[in-house]
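S.K.: Below is the sequence, then the predicted model.
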Amino acid sequence: MDQWAYNSSHTVVHTHHCIHTTFCTLIIQRAALTNKDDEIYHRQDCRAPTRLRSRWPLALDLITQAFKADRAHEILHFFLELIQQTGKTFEQVLLGARGIDTIDPLNIEAILNSQFTVRAHNFQPLLGHGIFTQDGEQWRTSRDLLRPQFMQSRSENFASIQEIAEQFLNSLPNDPEGVLVDLQPQFFKLTLQTTMAVLVGRSSQAHDDKIAVDTFADAFNEAQHYLARRGRLGNFYWLLDNRKFRNSCELVHSYVDGIVQKALAEKTNLEAQSGEEQRYVFLQALMCRTQDRKVLRDHLLNILLAGRDTTACLLSWTIRLLAQHKDIQEKLRDECRSLPSFGAAALPDKAELKRMTYLDMVLREVLRLYPPVPVNVRTALQTTTLPRGGGADGLSPVLIRRGEDVGYCVYAMHRAEEIYGTTADQFQPERWSDTPFEGSDAAGWGYLPFNGGPRTCLGRDFALLEASYIIVRLLQFYRDIVFCGSTVSSASTQKHSLTLVLSSADGCKVRLVPQQ
Ligand code: HEM
């Protein structure tokens, strides 16, 4: 997912197109064309996009800058700067490999709907073969196995969310003066539990003990951070492979193996239950097809990544932003008050949550400013073209050769003034009200927190329901949520931590002041 990070990590010396540069770019591009590429290039009237320049051989200066920006927790700001200098679509050659990066919705639509695939080698030491790393028939089978989890048993999913969320809320401090708490790590634990409950079934959650869960969570974060940094090395991802990385992967694997082992042992008991009593549990369905522990582990791990990290990031950014914007927090609390079941003891139901229009607008806006999967990449299965980005005006098609990567940065696209107007950088849930917002009347492919096309997120509704429930309950429990983190001047200077997902480098430090 983080290929874009390496693709775009280039200093742009070049700011304007001089004829000489354009001419050289054309020669380089033309020289590398095969007969088939050549035919497509001419037939589609392709043009070269702006090219990122580097000063050191193999563009090593750019890799260094990307790693430095990552350490400073500002790699996405670095990407934004590059785009400001190059425009929405650009070409780079890193460690000898050509790639294209884009934030143009038209191009992203083309990438997600056509001849592109995921690139998985980098992820395999951690994720093995699961829905995120598979393609073709294998991917389809995984998706088909997972879909019923989110179609058939949605009420059961909601019951699991409710139960676990209530335990979580009861574990939070309840001092009348309000206690400082960093909710971000807590949200990661909470979403680990909810995802497990749904995918594995409550009984199979192997390690309820705190140390095992914490060790797993730390190792999972560490291993993901390695994957992200390996991605920045492109085809040379394997250079970043050390004992720390392998240990993290091993710890993660052994935790999930424990769950699989327990589930396999319990399988006989479940089979003894009548069909009606059984609900669809992903791991159980998978076990009907295979008992291979590695296969079971890989699948489970992929979905854990999908379900735990993304939703935890959404919750964390939402509470941060609500704490920083008192007026929006109060407006949302007012909407909570209008629920038939308002009060610490009253649990909102699914239908009530779905009717909360302001909450919907808040979540949309948080996902716009902080999409949990901010950068992504696809590899061309065949030589093809992107509709836009070539030539001096950026309006000509761009040739993509078989095997080349195209990175896309949803984070940068979600902040484009062309789509979201001059307030693109600000937290304004109202932009999602019926009135079309400045700059665009419908964001369409310009709004992609859950991806689009055939590989669109399967857990979208589940995630939104879970986030809605927890946010509403927090607002019911606490009359004020006070921001206690480091203050930054704008959303663009917010320090972040980018593994495969986007979390806040400052956590979610707030003071929770209970209702009297
Ligand atoms: C706010 C929360 C979430 C966000 C923003 C989100 C976002 C995404 C994105 C961007 C992708 C595309 C990844 C890619 O193809 O490179 C994706 C895929 C996926 N998501 Fe989510 N997700 C969220 C929550 C969940 C949850 C809770 C689950 C399930 C427990 C889930 C399950 C999946 C699965 C299975 C895929 C792979 C789909 C496929 O490749 O066919 N997601 N999600």
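M.R.: Noted; the coordinates are in hand.
S.K.: can you tell me which helix or strand the nearest residue to Gly453 once chain neighbours are set aside belongs to?
M.R.: In space, Gly453 comes closest to Leu112 once its chain neighbours are excluded; the distance is 3.5 Å by CB to CB, 6 or more residues apart in numbering. C-beta coordinates here come from the backbone N, C-alpha and C atoms, glycine included. Leu112 is located in helix 105-113, with elements delineated by DSSP states H and E.
S.K.: Tell me which residues of that helix come out buried.
M.R.: Neighbour-count burial for helix 105-113, counted by 16 or more other CB atoms under 10 Å, picks out 105-112.
S.K.: quick one, what contacts Arg147?
M.R.: Arg147 makes contact with Leu458, according to CB atoms under 8 Å, 6 or more residues apart in numbering.
S.K.: Go through stretch 384-401 and flag the buried ones.
M.R.: Buried, per 16+ other CB under 10 Å, within stretch 384-401: 384-391, 394, 396-401.
S.K.: I'd like to know how far the closest residue to the ligand within the stretch 301-450 of the chain sits from Val260.
M.R.: Nearest residue of the stretch 301-450 of the chain to the ligand: Gly307, at 2.9 Å (CB to the nearest ligand atom). Remark: distance between Gly307 and Val260 (CB to CB, to the nearest Å) = 17 Å.
S.K.: These two - which one has more neighbours?
M.R.: Val260 (25 against 22; other CB atoms under 10 Å).
S.K.: That one: what secondary structure?
M.R.: helix (DSSP: H, G, I helix; E, B strand; the rest coil).
S.K.: got the contact list for the nearest residue to it once chain neighbours are set aside?
M.R.: In this structure, Val260 finds its nearest non-sequential neighbour in Leu296, 4.6 Å apart by CB to CB, 6+ apart. Residues counted as contacts of Leu296 (CB under 8 Å, 6+ apart) are 260, 263-264, 283, 286-287, 290.
S.K.: Against the ligand, how distant is the residue nearest to Gly453?
M.R.: Distance from Leu112 to the ligand, counting by CB to the nearest ligand atom, to the nearest Å: 8 Å.
S.K.: quick one: that residue and Cys457 touch, right?
M.R.: No. The pair Leu112 / Cys457 is not scored as a contact, 11.9 Å apart, by CB atoms under 8 Å.
S.K.: Give the residues shared as contacts by the two.
M.R.: Asn451.
S.K.: In this structure, which residue sits nearest the ligand?
M.R.: Here the chain gets closest to the ligand at one residue, Gly459, 2.1 Å apart by CB to the nearest ligand atom.
S.K.: and that residue, what is it in contact with?
M.R.: Per CB under 8 Å, 6+ apart, neighbours of Gly459: 150, 306-307, 310.
S.K.: per-residue confidence at it?
M.R.: For Gly459, the pLDDT comes out at 91.
S.K.: Can we start the residue count at 14 from this point?
M.R.: Shifting the count to begin at 14 puts that one at Gly472.
S.K.: where does this structure come near the ligand, residue by residue?
M.R.: 14, 144, 156, 159, 208, 316, 319-320, 323-324, 327, 385-386, 389, 462-464, 468, 470-472, 475-476 (CB under 6 Å from any ligand atom).
S.K.: Buried ones among these?
M.R.: For the residues of the chain next to the ligand, buried by 16+ other CB under 10 Å: 14, 144, 159, 208, 316, 319-320, 323-324, 327, 385-386, 389, 462-464, 468, 470-472, 475-476.
S.K.: Out of those residues, which sit inside strands?
M.R.: Of the positions in those, Asn389 sit in strands, assigned by DSSP state E.
S.K.: From Phe475, how far out is Ser173?
M.R.: 10 Å.
S.K.: circling back: could I get the contacts of Gly472 in CSV, plus columns for distance to Phe249 and pLDDT?
M.R.: Output for the contacts of Gly472, formatted as CSV (distance: CB to CB, whole Å; pLDDT from 0 to 100):
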residue, distance to Phe249, pLDDT
Phe163, 37, 76
Ala319, 27, 89
Gly320, 31, 88
Thr323, 28, 96
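S.K.: So which of these are in helices?
M.R.: The helices, defined by DSSP state H, take in 163, 323 from these.
S.K.: any chance of the contacts of Gly472 in CSV, plus distance to Glu348?
M.R.: Below are those laid out as CSV (distance: CB to CB, whole Å):
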residue, distance to Glu348
Phe163, 26
Ala319, 29
Gly320, 27
Thr323, 24
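S.K.: Mind jotting down where the helices sit in the stretch 414-529 of the chain?
M.R.: All helices of the stretch 414-529 of the chain, identified by DSSP state H, counting those that start in this stretch, fall at 423-426, 430-433, 473-490.
S.K.: typed the wrong thing, it's the stretch 214-363 of the chain
M.R.: 223-244, 256-285, 295-300, 306-317, 323-337, 339-350, 363-367.
S.K.: Out of the ones you listed, which gets nearest to Gln529?
M.R.: helix 339-350 (14.5 Å; CB to CB).
S.K.: circling back: just the buried residues of the contacts of Leu309.
M.R.: 273, 276, 296, 299-300.
S.K.: Show me the shaky parts of this protein.
M.R.: Across the chain, the ranges flagged by pLDDT under 70 are 14-46, 165-167, 215-224, 280-292, 354-358, 447-455, 502-505.
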